[in-house]
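**Student:** Please find the sequence and the predicted model below.
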Amino acid sequence: MHFLDFLTEDKKKQYKSLNETIKNELVQTYNSSKDYFSGNVANEIFESVVSKTSNVPDFILRMPVEYKDSWNNLSNSRKTEIVAESRRYNLATDYQLNNFWQTRDLRNTQVHVERINESKVAANEEVKGYAVSGSFLEGFENQLKGRFAKFTK
């Protein structure tokens, strides 16, 4: 436990209060890394091992309170999907973060949306004659002839 000589007093106290698994992980990490001959490097190694458990994305830490229960009830696959979606957004401001969470579907089961190809459906329907009387068509034809008479001369 030679690495304790390089740690600050606060880190030494923190080390004594850690549970045995994290202490063992620290000892293994320091034993595998032989280049901690300065306090800064030793402190960085200490912090990397101790704070490894808090490897949570910032947008989850800053999540609005009203979405925390829904987030905790989601399955891991759905959480992974939301984390992947978050990479496409700039979530720097509170407004952006609130908008992101408001537009997420926080249900475990997604609504199945059936895609409809309208052109395929329309092609199957037969087109029947127009329901327009012959007198209407003759009147329309006369109006067009009157309007475009100067172009037909």
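**Tutor:** Right, received. Where do you want to start? Numbering: from 1, shown residues only.

**Student:** Let me know how buried L7 is, in neighbour terms.
**Tutor:** For L7, the number of neighbouring residues by other C-beta atoms under 10 Å comes to 20. Heads up, the C-betas are built off the backbone N, CA and C, glycines and all.

**Student:** Next: E114.
**Tutor:** So E114, with other C-beta under 10 Å, has 4 neighbours.

**Student:** Checking it next. Helix, strand or coil?
**Tutor:** coil (DSSP: H, G, I helix; E, B strand; the rest coil).

**Student:** give the contact list for it.
**Tutor:** Residues counted as contacts of E114 (C-beta atoms under 8 Å, 6 or more residues apart in numbering): none.

**Student:** is it true that N98 touches V65?
**Tutor:** No. Assessed by C-beta atoms under 8 Å, N98 is found out of contact with V65, at 11.2 Å.

**Student:** and D69, how many neighbours does it have?
**Tutor:** Counted with other C-beta under 10 Å, D69 comes out at 9.
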